[in-house]
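**Q** quick one: sequence and predicted model below, then my questions.
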Amino acid sequence: MKTFVSRTPSGVDSLAIEDRPAPGPLGPGQVRIAMRAAAVNYRDFLALSGAIGTRGPGGLIPCSDGAGEVLETAPDVWRIKAGDRVALVFNPDWIGGPWQATTGVLCRGSGLPGVMQQEMVVHHSEAVLLPAHLDFGEGAALPCAGVTAWHALCGAAPLLPGMSVLLQGGGGVSVFALQFARLFGARVIMISSSPERCARLRALGAHETIDYRAEPAWDKAVRELTGGAGVDLAIDVGGAATIERSVAATRRGGRVALVGLLGGMPGAVPSLFAAGVSITPHMVGSRDDFEAMNRAIAFHGLRPVIDSRYRFEQLPDALRRLESGRHMGKIVIDF
C-alpha cells in the first residue's frame, strides 16, 4: 500500500512515498480502516522537522487528521461496524474528562504512525462516526482544528448567547471557532492581515474585523468595539507574538484560550495579574468533545470551510500551501 514516510528531520523535503505491506490480522478491539482523506496542520511541520515526536527505524508517517471507511472489525467491537464512515481522534488515550499528562506518545503523526497511508488498523476507541452530510475530506478536517476550536469555546466554561469572542487569522482553528461561536449566538470579532482577508471573514459570519497590519494596536481597537470592556473570550493562536495583546483585549474576569504557538512559546505576561484574566491552554480535546461537536455539526448541517484539496501524492504541495499562510480554513488531501 502507498505510504508517505519521512526518514530524516529535514521538513517537507524529507517526504517520500513508499510501498509497504498492508496491516496484518486484527487483534482484540481493533478495526481496519481504508483511509479516504487527510488534513494538514501546523504541527505537521514541527513533526517533520524533528521539533516534536520521534522517528522509529521505519521513519515517520505524517499527519494526525484522517477519515475513512471501516472495512472490518474484531468480534468484540461494538461501537462501530464495517461500512461506517469514521475519523480518528487526535489524542488516542483521551476519552473524556479533564486532560491528564501521560507518558509516551499522545497523538498520531508525531510518534504513533500518522494517517498518510492507504489502510490502518487501530483500536476502535480511536474512531468517531462522521456526521452523515460530510464527505471524507470534510470529516478529515475535524480532529485537530475542529475539536480544538470546540474545546476552547466551551471546554473550560460555557459560551452563552450575547458573549463576545476574539479570534485571530483565517486558519483552521479560527474559522471553526467562528462557525461554532455563531451557532452559540456569540458576537465574533476577528483580526486578520489584509482588507481582503477581513472581507472574507465577514462573509463567513464575523461581526467585526480588524486589519492588524493597518492597526498594530489591535487590542485597543477591540476595546473600542466593546465599549472599553474587552471581550469575554479570546482564542490565541499566536503564542508569544500575540498573547499580551490578547490579554489586553479581554475583559476583567474573562478568559484567554491558548491553542497555538505560531509565534513561539509565550513566557510570563506582565499584565496578567492586573488584567484579572485567566489563561487556559487547550490540548485539542477528548473523544467526548469530538462526539459532542459532531452532534452540533449534524444538527445544524454545518460544513467545514475547505480552502483547497490535493491528491495523495501532492502532500508536499498541501503543506507548502499551509506554510504560505494564504489559506482560509482547512487544506485537505483526498486519497
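**A** Received, thanks.

**Q** is the most far-flung residue of the chain relative to its centre in a helix, a strand, or coil?
**A** Within the chain, Pro75 marks the point farthest from the mean C-alpha position, 32.5 Å out by Cα atoms, centre = their mean. Put simply, Pro75 is coil when judged by DSSP: H, G, I helix; E, B strand; the rest coil.

**Q** for it, give me phi and psi.
**A** Phi and psi for Pro75, reported as degrees, to the nearest 10, are phi -60, psi -30.

**Q** residues touching it, list them.
**A** If you count contacts by Cβ atoms under 8 Å, 6 or more residues apart in numbering, Pro75 has none. Where you see a C-beta, it was placed from the backbone N, CA and C, and this is true even at glycine.

**Q** would you map the helices across the stretch 101-250 of the chain?
**A** 136-140, 147-154, 172-183, 195-204, 218-225, 243-248 (DSSP state H, counting those that start in this stretch).

**Q** residue ranges with poor pLDDT in the stretch 201-335 of the chain?
**A** 261-275 (pLDDT under 70).

**Q** where do the strands sit along it?
**A** Applying DSSP state E, counting those that start in this stretch to the stretch 201-335 of the chain gives strands spanning 208-211, 231-236, 250-258, 278-281, 306-311, 330-334.

**Q** contacts for the third one?
**A** What it means is strand 250-258. Residues from elsewhere that reach strand 250-258 (Cβ under 8 Å, 6+ apart): 152-153, 156-157, 166, 226, 229-236, 239, 243, 246-247, 266, 275-282.

**Q** of the residues you listed, grab the buried ones for PyMOL.
**A** Those of these that count as buried under 16 or more other Cβ atoms under 10 Å are selected in PyMOL with:
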select buried, resi 152+153+166+226+230+231+232+233+234+235+236+239+243+246+247+266+275+277+279+282
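
**Q** could you tell me how many residues sit around Trp150?
**A** 26 (other Cβ atoms under 10 Å).

**Q** is it true that it touches Ser286?
**A** No: in this structure, Trp150 is not within contact of Ser286 by Cβ atoms under 8 Å, at 10.5 Å.

**Q** sorry, back to before: okay, the strands of the stretch 201-335 of the chain, which one's buried deepest?
**A** strand 231-236 (a mean of 26; mean count of other Cβ atoms under 10 Å).

**Q** how about Gln100, what does it touch?
**A** Here Gln100 is in contact with Trp94 (criterion: Cβ under 8 Å, 6+ apart).

**Q** try 6 Å this time
**A** Applying Cβ atoms under 6 Å, 6 or more residues apart in numbering to Gln100 gives no contacts.

**Q** just give the nearest non-adjacent residue to Ile297, would you?
**A** Pro131 (4.9 Å; Cβ to Cβ, 6 or more residues apart in numbering).

**Q** surely the one you found touches Ala298?
**A** Yes: using Cβ atoms under 6 Å, Pro131 is in contact with Ala298, at 4.0 Å.

**Q** shared neighbours, the two?
**A** Counting by Cβ under 6 Å, 6+ apart, nothing touches both Pro131 and Ala298.

**Q** pick out whichever of those two has more residues nearby.
**A** Using other Cβ under 10 Å as the criterion, Pro131 and Ala298 rank with Pro131 on top: 21 against 15.

**Q** enumerate every residue touching Asn294.
**A** Counting by Cβ under 6 Å, 6+ apart, Asn294 touches Pro131.

**Q** how far away is it from Ala34?
**A** 20 Å (Cβ to Cβ, to the nearest Å).

**Q** ditto for Gly137
**A** 15 Å.

**Q** and for Arg200, the neighbour number?
**A** Arg200: 18 neighbours (other Cβ under 10 Å).

**Q** and the one 5 residues further on, by the same measure?
**A** Residues within reach of Gly205, counting by other Cβ under 10 Å, total 14.

**Q** could you check the pLDDT of the closest residue to it other than its chain neighbours?
**A** Leaving aside its sequence neighbours, Gly205 sits nearest to Arg182 (Cβ to Cβ, 6+ apart; 4.8 Å). Arg182 carries a pLDDT value of 97.

**Q** Arg182 reaches Leu204, doesn't it?
**A** No: the pair formed by Arg182 and Leu204 falls short of the contact definition of Cβ under 6 Å, at 8.9 Å.

**Q** residues shared between the contacts of the two?
**A** The contact lists of Arg182 and Leu204 share no entry, where a contact means Cβ under 6 Å, 6+ apart.
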